[in-house]
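1. okay, predicted coordinates and the sequence, questions at the end:
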Amino acid sequence: MKLGMLALLLGFAGNAVASGVLLEAETFANCGGWKTDTQFVDCMGSAYLIAHGIGIPVADAVHSLTLPHAGAWRVWVRTRDWTPDYEGEKPGRFRLAVNGQSLPSVLGVTPATWGWADAGTFTCANAEVELQLQDMTGFDGRCDAIYLTDDLTATAPPAEGPELAAWRAQMFGEAEAPATTLDGFDLVVVGGGIAGTCAAIAAAEEDMRVALIQDRPMLGGNASDEIRVKTQGEERHRIVTAVKNWKSNGNPQQDADTNRLSQVNLHTNIACFTGYRAYGVVTNGAGLIEAVDARAVSSGRRYRFCAPYVVDSTGDGWVAYWAGADYHMGREAKSEFGESYAPDTADASTMGCSMLWTSALGEEAIAFPDVPWALPVSGTRSATSGDWTWETGLGVSENTIYDAEMLRDRLLRAVYGSFSNAKKKAENANRYLTWVPFNAGRRESRRIVGEYFVKQDDVVNSVYFDDAVASATWPIDLHYYNGNSGYIAGTHQYSVPKWYIPYRALICRDVRNLFLAGRCASLTHVAMGSSRVMNTCGQMGVAVGYAASLCKKYGCLPRDIYCVPERTRELQGLIGGSWPEEAEEDDDIPEFSVVIDNEDTLHTQLSGTWIVSTSASPNNYYAANYYVNKSNGRSEHSENTWFAFLPSLPEKGLYEIELLWNSSSARATNAPVEIVAMDGVVTQRVDMTANGGTFRSLGRWSFDPNSETQPMIRLLTVSAASTQAGSAYVIADAVRVTRSYDTIV
C-alpha cells in the first residue's frame, strides 16, 4: 500500500477503543474513468476525483485496503453538491460500494459546500475490503476523501479550514515538516506551464540543477491537452519555439505535450516532478526562501525542495504569496498609474477563466441527457462549440482564486445547457460532444510587486528599458463583465507597437531570491493585457532561467544582476537576439508591427450597417468576433458603407499590409479593399471564400503619418451585380501593419 494512502487513528472521537481509516480518493489504485482534479487544493483543502464523463457515466474507481479488523463500520465521504441553487435531481450523483454492495446513500447531493456526507454502514467478515466509486450521471460528481470508523455513533470529521487540515495531518501522522528533503538543486521552478518550462530549460542549459514542480500529469498549463489554448504572442527565443503548441484553440494537443516533455528530458540536470502540488515555503528572517514544500498527488507523500533560487511560475503567484510578498489583484484606477484604459475607480475585477469545447456530427442520431440543472446558467443560448469568449470570473464580486471551483462549474453548466438547447434542433440530432475540459484556463489573478511595475505608458509608447529581457506585440487585450449571462466575456483590444519587459518586473521586491515568470509578473492590469499570452510568458521564463545561472555564477541575488550593468548586458547576451539599441546603431530603423482588431475603437471607423458576428469557426477569425456586411442586392457597392482600419504609424516609411478574414462560400469573391497611402488610393480585390483565418499580404505601400491624408485600409461592400448569387458577405476582422526595412521613404 502506498505511503499516505491510508491512515489509522486510535482513540479518535473520544472512544479509547475506536479506530478510523482515512483514504484520500486521489490515491485510489485504479481511478477507472474518474479524473484527478488539483485546481482548488488551496481553497478546499485537497485534490479530489471527478467523474467527468460529459453526460456518460464513467467507469468505477476501485481500491482495496485492509481495515484494522472485520465487523461493522460507518463511512463518511467528503463531497459536495455542485449545483446547490437547483432543487431537482442533482447532476453529480454517485454511490460508494463495499465488496460490490452499494451503500444506501446517494452521494454528491449534499452538502452545498465541501463537507462530509454519511454514506451508511456495512459489516465485513474479513478485514480485506474493496471500495468502488460508482458514478451515476457522467456529470462531474466529486469525491475528496473517505473516512471509515468502527464507532457507529461517531459524528463527521471537521468539514473545512484549519480544523480539517489539522485533523488530516493527525490522521496521517504528519509532522510539521515533510519527512523527505530533496536538496542539491540550484533552482526550484514551481509551475510547469510554458513560462516554467522555459525557465527550467534555460537554467539547465547553463548547467543549473533544476527541480521543476507541476501539479498536473503533463507540462504546458493552458497550452496542454487538458485545456487546449494555442500559444500566442511573439516567440523571440528558440526555447519558446521549441515548447509552444501549434494547433488552434480547442484542438488536441497531445503531440505538443509529448514534445514539450521531451525537450525537458533532453537535460539530465532537470528533475521533472509532474503530479506534485506545492503547498508552502520555508523562509528565513532575511527575506529569502529556503525551501518549497510539495505533495505527490497520487501518494500523499510530502517533500521539501531546497535551493538558493526559486521561480514562481504558478500563474496565481502562490510562492510569492506564501512568502508574504505584496501583490495587486483587480483593476487599478486611472489615477494610480495614469492609465487611460483603466477604470475611473479601482475595483476587484480581473480577467477570468475560459473553457474551450467542441462537438461533432455522427452518422446517426445520438441522444443527450436532459440537463434542467444547467439551464439556470445557460438560459436559452444554443451552441455546439465554444472558444475563449466563454469566460467566467469577470465580475467585481468574483475571485478567480477563491471562487475558482464555482466559476469552473458555471462554465460546465453553460456548456451543457447550451449544447442541450442546440440538440433540440433537427440539424443537431447526430451531434455529440467531443471535448469539454474540467480544467479551466485562467487569465489573471495575483500580480506580484517586483522591482518595477510596468504600466500602460510603457507599453503604448514602447519604452525601452536598459534591462529589457523580453518583448511583446500582442494588443492590450482586456476582458470585462458586460452584464450578460455571466459566462460570455466582453473585450477591449488596443493595438500596440512592439514593447519591452524589464528584468526588474521579473524579480520579487519583497522576497530577495524569488523570480517571477508568467502572468503573475509585476505589471498593472492594463499592461498585463498585452504580456499575458503564453509565448510572451515563455520569454519571461527564458529570461529568469538565464538570470538564475548568472546569480549562481556571481554568488549574488537576482537584484544584483540589474545593479551591475555589465551583468545585465551579459543576461541580454545569453538571451540573444538584437535589442533595440543595437538595431538603431546598425540602421536607425526601429522595429514596428501592430495588429488592429475590428473592436479597436481607437483605430477603426465604420459607416453604414455592419453586424458583429461569431458565427464562423472560432479558429477562423481573430480575437472575440468580426464585423460582417451584406450587399443586399445593391447593383454597386455603396460609398457610404465601409469599415476602415486607421493605423498609428511611428514615422514615414514603407509598410506591409496584411488582412485577415474568415472564409466560406457565402463570402465575397471580390471584396474591394482600399489602401490610402502616400501615392494615392489603391484598390485591391480579395477573394473571401478562401484562405481564411490567417493574415494574407496585400503588398507594401509608403505611408506618412504626418501628412494630411490619414493612412487607411478600408473595406467596402461588394457590387451585387458582380457576384454569382447577387449578394455576398464582406468581412472586417483584423489588419496587421509591419514596418518594412527594405526602403526608407
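-> All right, it came through fine. Numbers count the residues shown, from 1 in each chain.
2. tell me the centre residue of the chain?
-> Closest to where the C-alpha atoms of the chain average out (Cα atoms, centre = their mean) is residue 441, at 3.0 Å.
3. isn't that one right next to residue 351, touching?
-> No. Using Cβ atoms under 8 Å, residue 441 is not in contact with residue 351, being 10.8 Å away. The C-beta positions use only the backbone N, C-alpha and C, and glycine is treated the same way.
4. for the residue nearest to the centre of the chain, what are phi and psi?
-> Per-residue torsions, residue 441: phi -90, psi 120 (degrees, to the nearest 10).
5. give me the pLDDT for it.
-> If you check residue 441, the pLDDT there is 97.
6. do the same with residue 623
-> At residue 623, pLDDT is 81.
7. so what's it up against?
-> Residue 623 makes contacts with 475, 477, 491, 493, 597-599, 734, as judged by Cβ atoms under 8 Å, 6 or more residues apart in numbering.
8. closest one of these to residue 650?
-> Using Cβ to Cβ, residue 475 is the member of the contacts of residue 623 that lies nearest residue 650, at 16.4 Å.
9. show me where the stretch 501-650 of the chain has its helices.
-> 525-531, 534-554, 558-563, 565-575, 580-587 (DSSP state H, counting those that start in this stretch).
10. so which of those helices gets nearest residue 30?
-> Using Cβ to Cβ, these put helix 534-554 closest to residue 30, at 34.2 Å.
11. got the angle between that closest one and helix 565-575?
-> Put simply, helix 534-554 runs at 130 degrees to helix 565-575, going by axes from the mean of the first three to the mean of the last three Cα atoms, to 10 degrees.
12. ranking helices and strands of the protein by mean pLDDT, which lands last?
-> The helix or strand of the chain with the poorest confidence is strand 6-10; it has a mean of 45 (mean pLDDT, DSSP states H and E).
13. who wins for proximity to residue 31 among the helices of the stretch 501-650 of the chain?
-> helix 534-554 (28.9 Å).
14. would you indicate which residues of the helix or strand where residue 36 lies are buried?
-> Under the criterion of DSSP states H and E, residue 36 resides in strand 35-37. Going by neighbour count (16 or more other Cβ atoms under 10 Å), the buried part of strand 35-37 is 35-37.
15. how about the residue nearest to residue 349 when sequence neighbours are not counted, secondary structure?
-> If the residues on either side of it in the chain are set aside, residue 349 comes closest to residue 396, at 4.7 Å by Cβ to Cβ, 6 or more residues apart in numbering. Residue 396 falls in the coil class when you classify it by DSSP: H, G, I helix; E, B strand; the rest coil.
16. backbone phi and psi for residue 396, please?
-> Dihedral angles (degrees, to the nearest 10) for residue 396: phi -70, psi -20.
17. measure it to residue 493 for me?
-> From residue 396 across to residue 493, the span is 21 Å (Cβ to Cβ, to the nearest Å).
18. and residue 558, by the same measure?
-> According to Cβ to Cβ, residue 558 stands 33 Å off from residue 493.
19. and for residue 705?
-> Look at residue 705 and residue 493: by Cβ to Cβ, they are 21 Å apart.
20. ok, residue 167 next?
-> Distance from residue 167 to residue 493, by Cβ to Cβ: 49 Å.
21. the more surrounded of those two?
-> residue 493 (26 against 17; other Cβ atoms under 10 Å).
22. name whatever forms a beta bridge with that one.
-> Assessed by DSSP bridges, residue 493 has beta-bridge partners residue 477.
23. what sits against it?
-> 475-478, 597, 599-600, 623-624.
24. which two in those residues are spaced the farthest apart?
-> Once Cβ to Cβ is applied, these give 476 and 624 as the farthest pair, at 13.7 Å.
25. low-confidence regions, the stretch 501-650 of the chain specifically.
-> For the stretch 501-650 of the chain, the stretches flagged by pLDDT under 70 are 581-591, 618-619, 630-639.
26. how about the helices in the stretch 101-250 of the chain?
-> 161-172, 194-205, 238-243.
27. want to throw the ones you listed into CSV with distance to residue 578?
-> CSV is the format used below for those (distance: least, Cβ to Cβ, whole Å):
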stretch, distance to residue 578
helix 161-172, 52
helix 194-205, 19
helix 238-243, 14
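28. thought residue 384 was touching residue 431?
-> Yes. Using Cβ under 8 Å, residue 384 is in contact with residue 431, at 6.0 Å.
29. now do the shared contacts for those two.
-> 359, 422.
30. so what pairs up with residue 627 in the strands?
-> Beta-bridge partners of residue 627, as defined by DSSP bridges: residue 612, residue 732.
31. for it, list the residues it contacts.
-> When contacts are counted by Cβ under 8 Å, 6+ apart, residue 627 touches 598, 606, 610-613, 643, 731-733.
32. how about residue 174?
-> Here residue 174 is in contact with 168, 302 (Cβ under 8 Å, 6+ apart).
33. start at 3 instead
-> Sure, I'll start numbering at 3, so the last one becomes residue 176.
34. and it, how far from residue 296?
-> Residue 176 is 14 Å from residue 296, where distance means Cβ to Cβ.
35. overlap of the contact sets of those two?
-> Common neighbours of residue 176 and residue 296 (Cβ under 8 Å, 6+ apart) are residue 304.
36. where does the prediction get shaky in the protein?
-> Checking the chain against pLDDT under 70 turns up 3-20, 486, 583-593, 620-621, 632-641, 721-729, 743-747.
37. wouldn't residue 677 be in contact with residue 699 here?
-> No. Look at residue 677 against residue 699 with Cβ under 8 Å: they stay out of range, at 11.8 Å.
38. the more surrounded of the two?
-> residue 677 (22 against 11).
39. grab the nearest non-local neighbour of the more buried one.
-> residue 684 is the one closest to residue 677 (Cβ to Cβ, 6+ apart), at 4.8 Å.
40. just to revisit the earlier point, how about the residue nearest to the centre of the chain, what does it touch?
-> Residue 443 neighbours (Cβ under 8 Å, 6+ apart): 224, 229, 231, 355-358, 390.
41. who does it bridge with?
-> Beta-bridge partners of residue 443, counted by DSSP bridges, are residue 356.
42. also residue 679?
-> Bridge pairing for residue 679 - DSSP bridges - gives residue 682.
43. which residue is the nearest non-sequential neighbour of residue 708?
-> Closest to residue 708 by Cβ to Cβ, 6+ apart is residue 654, at 6.8 Å.
44. any idea how far that neighbour lies from residue 682?
-> Residue 654 is 16 Å from residue 682, by Cβ to Cβ.
45. these two - which one has more neighbours?
-> It is residue 654, of residue 654 and residue 682, that has more neighbours when counted by other Cβ under 10 Å, with 14 against 9.
46. can you pull the contacts of that one?
-> 704-708, 747.
47. who wins on neighbours among these?
-> Result: residue 705 is most packed of the contacts of residue 654 (other Cβ under 10 Å), 26 neighbours.
48. who are the contact partners of it?
-> Neighbours of residue 705 in contact, by Cβ under 8 Å, 6+ apart: 649, 651, 654-655, 657, 679-680, 713.
49. let's see it at 10 Å
-> By Cβ atoms under 10 Å, 6 or more residues apart in numbering, residue 705 lies in contact with 649, 651, 653-657, 659, 677-681, 711-714, 739, 747.
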